[in-house]
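Enquirer: Have a look at this fold, sequence not included:
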DNA sequence: TGAACTTGCAACACTGATGTTGCATGTTCT
DNA sequence: AGAACATGCAACATCAGTGTTGCAAGTTCA
């Protein structure tokens, strides 16, 4: 009996509570994915029953959290206009934007095995976007012509994931990380001379 | 009251049971980390009480599983003789060996937040081994002189992790994966010409 | 101001997982 | 063969987490 994020307009009051719960859930669950609802409520500064009023079940809460983070993820990718800016620029911009989201919503972005309709749809969209970007990169001569685009994408995701583990605090640090990710992705860590 | 792997010699009988439980735990938990002991017992073909006889608690079982996988991990690295073979050969060989272990013990290698004394010790040893190997690679002129060795190591781990997601079935497929990992690590996915 | 809504609190029911014990039946190993 | 050990089974005790309800007190908002 909770609102799946689309029912009736909430009172400003309740809206703040929902946000507080989602943010608390992110913090608590990223530290311990098996943490009980009690801890989440406590971290949000509300009673446990209030959490249950807003989210019918633990499952529903996690689904809402995933949906929320997924939206941020999507926005981060779109904000880079990856279809229209030069591919190298887009690659960098997407990386920096996504790093921001991954750092702030670590749990929600990691525990994504949510099979909700919208989340899956958004992820598919981002994946397609990513593939288009890599194709453009290859066509622009930035990737080797024989590049396995699926492997490339997975390596890219993995590098972002690894970089996000650093939890930088300033924007400049995030930019530095993005630079490092892009550099490593394109050049690896080996010496420059190709064999 | 279970045997932490070092108490009294088990009867051949019981030894097989322990192995069966560990292997079943790996299978079941890799599919669902929150799976109840019942499921593990069932998958191992034993009664739930037998699992509890061998492993005092769920925690103890997971710790034993981590210890077991960690040992395999260590063996995989050592078998490549990374201190004495040429660094490029060692890199490839370690990669292939570790891929084997990561593929067979996915859960155990992933859920390593076990703070047992021995597991931590072995991991530190492997980490040191890895750092030595990367230093040798750099000194051999295979890595750029200004390489951040910590980042290099983390990228390497991440690539192995990603590659292990493919679950190849033949040894040849594992070799192909290892080749891909090493290639991506050293050259990235960009075009050959250095800027 | 007052209707509608939100929250905290306390109490309760329910469920599923964990861990234990005793005993009868097998199995290992010497 | 026979002591020692292993296992399955059934039964039990606990416990933590989940989800519910009713009510009194506080908040929003028109």
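Expert: Arrived safely, thanks for sending. Just so you know, these numbers come straight off a predicted model, no measurement behind them.
Enquirer: contacts for the longest helix that chain A contains?
Expert: Counting residues, the longest helix found in chain A (DSSP state H) is helix A:117-139. Residues outside helix A:117-139 that contact it (CB atoms under 8 Å, 6 or more residues apart in numbering or on different chains): A:63, A:66-67, A:70-71, A:73-74, A:77-78, A:82-83, A:87-88, A:90-91, A:94, A:112, A:114, A:143-145, A:147, A:149, A:152-153, A:156. Every C-beta, even on glycine, is put in place using the N, C-alpha and C of the backbone.
Enquirer: Quick check on these: which are buried?
Expert: A:63, A:66-67, A:70, A:73-74, A:77, A:82, A:87, A:90-91, A:94, A:114, A:143-144, A:147, A:152-153, A:156 (16 or more other CB atoms under 10 Å in any protein chain shown).
Enquirer: who's in contact with stretch A:109-116?
Expert: A:29-30, A:33, A:62-63, A:66-67, A:69-70, A:73, A:101-102, A:119-120, A:123.
Enquirer: Select from the residues you listed every entry located in helices.
Expert: Within those, residues falling in helices by DSSP H are A:29-30, A:62-63, A:66-67, A:69-70, A:73, A:101-102, A:119-120, A:123.
Enquirer: Kindly reformat those as a markdown table containing pLDDT.
Expert: Listed next are the ones in helices among the contacts of stretch A:109-116 as a markdown table, based on pLDDT from 0 to 100:
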| residue | pLDDT |
| --- | --- |
| A:29 | 96 |
| A:30 | 95 |
| A:62 | 96 |
| A:63 | 95 |
| A:66 | 95 |
| A:67 | 95 |
| A:69 | 95 |
| A:70 | 95 |
| A:73 | 96 |
| A:101 | 96 |
| A:102 | 96 |
| A:119 | 90 |
| A:120 | 92 |
| A:123 | 93 |
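Enquirer: where's residue A:88 relative to DNA strand C, distance?
Expert: Shown here: residue A:88 relative to DNA strand C, a distance of 46 Å by CB to the nearest atom of the strand, to the nearest Å.
Enquirer: residues in chain A within reach of DNA strand D, list them.
Expert: Residues of chain A found near DNA strand D (CB under 7 Å from any atom of the strand) are A:1, A:11-13, A:36-38, A:48-49, A:52, A:56-59.
Enquirer: again, only using 6 Å
Expert: Chain A comes close to DNA strand D at residues A:1, A:11-13, A:36-38, A:49, A:52, A:56-58, as judged by CB under 6 Å from any atom of the strand.
Enquirer: does any part of stretch A:158-177 sit near chain B?
Expert: Yes: applying CB under 8 Å from any CB of the partner chain, one finds stretch A:158-177 in contact with chain B at A:158-159, A:161-162, A:165.
Enquirer: By neighbours, which of these wins?
Expert: residue A:159 (24 neighbours; other CB atoms under 10 Å in any protein chain shown).
Enquirer: in stretch A:48-58, what counts as buried?
Expert: Going by 16+ other CB under 10 Å, stretch A:48-58 has these buried residues: A:50-52, A:54-55.
Enquirer: could those residues go into TSV alongside secondary structure and distance to residue A:173?
Expert: Output for those, formatted as TSV (DSSP: H, G, I helix; E, B strand; the rest coil; distance: CB to CB, whole Å):
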residue	secondary structure	distance to residue A:173
A:50	helix	36
A:51	helix	34
A:52	helix	38
A:54	helix	34
A:55	coil	34
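Enquirer: nearest to DNA strand D, of those residues?
Expert: Closest approach to DNA strand D among the buried residues of stretch A:48-58 (CB to the nearest atom of the strand): residue A:52, at 4.0 Å.
Enquirer: Quick check: the closest one touching residue A:40?
Expert: No: counting by CB atoms under 8 Å, residue A:52 does not reach residue A:40; the two are 10.8 Å apart.
Enquirer: domains of chain A?
Expert: A:7-55, A:64-187 (automatic domain parsing).
Enquirer: Check these for me and report the most buried one.
Expert: Neighbour counts (mean count of other CB atoms under 10 Å in any protein chain shown) averaged over each of the domains of chain A peak at domain A:64-187, with a mean of 17.
Enquirer: Among the residues of stretch A:158-177 next to chain B, which are located in helices?
Expert: Counted as lying in helices by DSSP H, out of the residues of stretch A:158-177 next to chain B, are A:158-159, A:161-162.
Enquirer: Now for the ones in helices among the contacts of stretch A:109-116: which two are most distant?
Expert: A:30 and A:120 (22.2 Å; CB to CB).
Enquirer: Turn the ones in helices among the residues of stretch A:158-177 next to chain B into a markdown table, including pLDDT.
Expert: Output for those, formatted as a markdown table (pLDDT from 0 to 100):
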| residue | pLDDT |
| --- | --- |
| A:158 | 97 |
| A:159 | 98 |
| A:161 | 97 |
| A:162 | 97 |
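Enquirer: sorry, back to before: quick one, which of the domains of chain A is nearest to residue B:173?
Expert: Nearest to residue B:173, of the domains of chain A and by CB to CB, is domain A:64-187 at 13.9 Å.
Enquirer: How about residue A:191, nearest residue that isn't a chain neighbour?
Expert: Closest residue in space to residue A:191, ignoring its immediate chain neighbours: residue B:144 at 5.6 Å, by CB to CB, 6 or more residues apart in numbering or on different chains.
Enquirer: what residues are up against the one you found?
Expert: Per CB under 8 Å, 6+ apart, neighbours of residue B:144: A:189-192, B:138.
Enquirer: out of those residues, which is most surrounded?
Expert: residue A:189 (25 neighbours).
Enquirer: Distance check, that one against chain B.
Expert: In this view, residue A:189 and chain B are 5 Å apart by CB to the nearest CB, to the nearest Å.
Enquirer: That residue is in contact with residue B:147, isn't it?
Expert: Yes: shown here, residue A:189 and residue B:147 form a contact pair, counting by CB under 8 Å, at 5.5 Å.
Enquirer: centre of the chain versus the helix or strand encompassing residue A:60, how much separation?
Expert: Secondary structure assignment for residue A:60, by DSSP states H and E: helix A:58-78. When distances are taken as CA atoms, centre = their mean, to the nearest Å, helix A:58-78 is centred 8 Å away from the chain's centroid.
Enquirer: Spatially, which residue comes closest to residue A:80, not counting chain neighbours?
Expert: Nearest non-adjacent residue to residue A:80, counting by CB to CB, 6+ apart: residue A:93, 3.8 Å away.
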